[in-house]
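> Below are the sequence and a predicted model for it; my questions follow.
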Amino acid sequence: MGNRHSYGMIGAAYDLTLRTDDEPSMTKVAIQPPAPRDIDEAALQAQLQTLVGVCARLGQVKPVEEVLDELLAETRRLVPAEAGTVYLIEGGSLRFVCCQNDARPDLCVAPQVQTGASAMAPASLKGARVPLDERSLSGFSAKRALPLRIDDAYALGEGGTYRFDPSYDRATGYRTRSVLVIPLLVEGAPPIGVLQVINRRRDDGTVTVFSPSDEQLAMAVASMASILVRNTQLQAQVQRLHLDMIFRLAQAAEFRDNETGAHIQRVSMYGETVARTMGMPSQWCQNLLFAAPMHDVGKLGVPDAILKKEGPLTDGERDLMKTHTVIGGQILGGSDNELLRMAEQVALTHHERWDGKGYPRGIRGEEIPLAGRITAVTDVFDALTSARCYKPAFSLDKSLKIIAEGRGSHFDPAVVDAFLRSRDTIESIYHAYRDTLAGAE
């Protein structure tokens, strides 16, 4: 049974039908002139206005995963469709980004945003992946850079080039019927991802098949969104380069204190995780990701005799050590750059306490900038879980217990609550970037 692929924007002059036989080399393409039809100008204008609105919403600055999540939602609203998924092509495979399902909200999966350091994380921290081959619907669409419009997924059978995998339906009780698969294409470049919308809905809520005009509309939205996604990916590459440079420069201070590069990576990623859990805007979270590695840059101004001393510090030495916060603030201060202003706050206030008993200024509560309050928790947690010359590494459970006990005294209660709610991600970061030091007690 052939599958029909319609190309072109709204009002296209020709309709191309591609029939795929069992043998890929036997692909045939027929170009048919359009049948005469009345043009509903009002409907066409409404569709064009809708597309402009979609493009504007998708064009807002945000992580690529959020762009794709909105792309799926907008496409499902326009077509309309009951459910859908999105995949990104990364490293020769398809990375699952998100799933939406109006009929089964319990099956929805929100996108796992991967920006900055989290985008540099090992595969264990990233979304699920599937092979990029022509056996699956998404794989075929990505490899061939072709859309698929399928009336009944279960009617495909086993003999064709691609096939539908019903295992998800069997496991969840969901029933996939009609499917529209759209590759995300940028001119002059290979596909960057795949959009799937499932079960076209009539006005009364019943499921029907997708029409050629549905396919054209979905491709129009995907075409605009693909450019935005690619631009976002390029921006993310530049940001990762900047973050790598920040890590390398921050290590200059950490190495003088017998710290490891993994320490600043963990503190940075812990902080971004907590900020997102607290619902802070994406740009704010990203700024913290870049600012947190510089929290101890002031140690460049502390004598080696104090930084590397193996025994306990005298009162005078401890006072000198505390000046690293003020020195860090001075090194980073005086800039009009939003990121460096946050880095200054973090360096100056990450040793302040919620109860006002911290240093260097002894400020309390919300007088302490939020970036400093978050870094206070993540820095202490990382110190607890890391081995030092004067103590072994504490276990995760013991360290989390100590953080919880500091709620309302040492730490901002809201930050502690968000940190504890983020335990799964915190543990993943801990294991992925763990120092090769003595075992935890």
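Great, that's in hand. Numbering: from 1, shown residues only.
> from here on, contacts and neighbour counts on C-alpha atoms
Will do.
> Spit out the contact partners of the closest residue to residue 332 other than its chain neighbours.
Using C-alpha to C-alpha, 6 or more residues apart in numbering and skipping residues adjacent in sequence, the residue nearest residue 332 is residue 344, 5.1 Å away. Listed by C-alpha atoms under 8 Å, 6 or more residues apart in numbering, the contact set of residue 344 reads 328-333.
> Does the closest residue to residue 153 other than its chain neighbours fall in a helix, a strand, or a coil region?
Leaving aside its sequence neighbours, residue 153 sits nearest to residue 177 (C-alpha to C-alpha, 6+ apart; 5.5 Å). What DSSP: H, G, I helix; E, B strand; the rest coil gives for residue 177 is coil.
> Run a quick neighbour tally on residue 177.
As a burial measure, residue 177 scores 17 neighbours (other C-alpha atoms under 10 Å).
> Go ahead and confirm residue 218 touches residue 74.
No: using C-alpha atoms under 8 Å, residue 218 is not in contact with residue 74; the gap is 9.3 Å.
> List the contacts of residue 192.
By C-alpha under 8 Å, 6+ apart, the residues touching residue 192 are 88-89, 183-186, 226, 230.
> Dump those to TSV, plus pLDDT.
Below are the contacts of residue 192 laid out as TSV (pLDDT from 0 to 100):
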residue	pLDDT
88	89
89	89
183	92
184	89
185	87
186	81
226	76
230	73
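> Just the ones in helices from these, please.
Per DSSP state H, helices hold the following members of the contacts of residue 192: 226, 230.
> Make TSV out of the contacts of residue 192 and add neighbour count and distance to residue 429.
Compiled in TSV, those are given as follows (neighbours: other C-alpha atoms under 10 Å; distance: C-alpha to C-alpha, whole Å):
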residue	neighbour count	distance to residue 429
88	23	22
89	21	23
183	30	32
184	30	31
185	24	33
186	18	33
226	23	30
230	18	27
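> about what we covered before: tell me which element the residue nearest to residue 332 falls in.
Assigned by DSSP states H and E, residue 344 belongs to helix 338-349.
> So for that helix, what gets flagged as buried?
For helix 338-349, burial by neighbour count (16 or more other C-alpha atoms under 10 Å) applies to 339-349.
> which residues in the stretch 251-400 of the chain form helices?
With DSSP state H, counting those that start in this stretch as the criterion, the stretch 251-400 of the chain has helices at 261-277, 282-291, 304-307, 315-322, 324-332, 338-349, 370-384, 396-405.
> in this structure, which ranges drop under the pLDDT threshold?
1-62, 113-127, 159, 232-245, 247-261, 390, 435-441 (pLDDT under 70).
> switch to 80 and redo it
Scanning the chain for pLDDT under 80 picks out the ranges 1-64, 112-128, 157-160, 187-189, 224-262, 310, 388-391, 434-441.
> In JSON lines, list the helices of the stretch 251-400 of the chain along with distance to residue 104.
As requested, these are arranged in JSON lines below (distance: least, C-alpha to C-alpha, whole Å):
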{"stretch": "helix 261-277", "distance to residue 104": "25"}
{"stretch": "helix 282-291", "distance to residue 104": "28"}
{"stretch": "helix 304-307", "distance to residue 104": "57"}
{"stretch": "helix 315-322", "distance to residue 104": "55"}
{"stretch": "helix 324-332", "distance to residue 104": "50"}
{"stretch": "helix 338-349", "distance to residue 104": "41"}
{"stretch": "helix 370-384", "distance to residue 104": "36"}
{"stretch": "helix 396-405", "distance to residue 104": "35"}
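> closest to residue 78 out of those?
Residue 78 lies closest to helix 282-291 among those, at 26.7 Å (C-alpha to C-alpha).
> so what does the closest one touch, helix or strand wise?
Secondary-structure packing of helix 282-291 (3 or more C-alpha pairs under 8 Å, 6 or more residues apart in numbering; DSSP states H and E): helix 116-119, helix 261-277, helix 338-349.
> Can I get the ones you listed in CSV including distance to residue 138?
Formatted as CSV, these follow (distance: least, C-alpha to C-alpha, whole Å):
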stretch, distance to residue 138
helix 116-119, 23
helix 261-277, 30
helix 338-349, 39
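> Ok, which of the ones you listed comes nearest residue 424?
Nearest to residue 424 among those is helix 261-277; the distance by C-alpha to C-alpha comes to 10.5 Å.
> quick one: the closest one to helix 370-384, angle?
Using axes from the mean of the first three to the mean of the last three C-alpha atoms, to 10 degrees, the direction of helix 261-277 lies 130 degrees away from that of helix 370-384.
> List of residues touching stretch 400-416?
The contact list for stretch 400-416 (C-alpha under 8 Å, 6+ apart) reads 274, 278, 353-355, 365, 373-374, 376-377, 380-381, 420.
> Tell me the buried residues within those.
Buried among the contacts of stretch 400-416 (16+ other C-alpha under 10 Å): 274, 278, 353-354, 365, 373-374, 376-377, 380-381, 420.
> now those in JSON lines, with distance to residue 299?
Listed next are the buried ones among the contacts of stretch 400-416 as JSON lines, based on distance: C-alpha to C-alpha, whole Å:
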{"residue": "274", "distance to residue 299": "25"}
{"residue": "278", "distance to residue 299": "30"}
{"residue": "353", "distance to residue 299": "20"}
{"residue": "354", "distance to residue 299": "23"}
{"residue": "365", "distance to residue 299": "25"}
{"residue": "373", "distance to residue 299": "20"}
{"residue": "374", "distance to residue 299": "20"}
{"residue": "376", "distance to residue 299": "16"}
{"residue": "377", "distance to residue 299": "19"}
{"residue": "380", "distance to residue 299": "17"}
{"residue": "381", "distance to residue 299": "19"}
{"residue": "420", "distance to residue 299": "29"}
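> need the strands for the chain, in chain order.
Applying DSSP state E to the chain gives strands spanning 15-19, 28-32, 81-90, 93-101, 129-131, 148-150, 179-184, 193-201, 207-208.
> List the neighbours of the third one that are in contact with it.
This means strand 81-90. Strand 81-90 has contacts (C-alpha under 8 Å, 6+ apart) with 68-69, 72, 75-76, 94-103, 132, 191-201.
> Next, the contact list for the residue lying closest to residue 376 once chain neighbours are set aside, please.
Leaving aside its sequence neighbours, residue 376 sits nearest to residue 350 (C-alpha to C-alpha, 6+ apart; 4.6 Å). Residues in contact with residue 350 (C-alpha under 8 Å, 6+ apart) are 295, 325, 372-376.
> Just flag the most distant two among these.
Greatest spacing in these, by C-alpha to C-alpha: 325 and 374 (15.6 Å).
> In this structure residue 184 contacts residue 224, no?
No: the pair residue 184 and residue 224 fails to qualify as a contact (C-alpha under 8 Å) at a distance of 9.3 Å.
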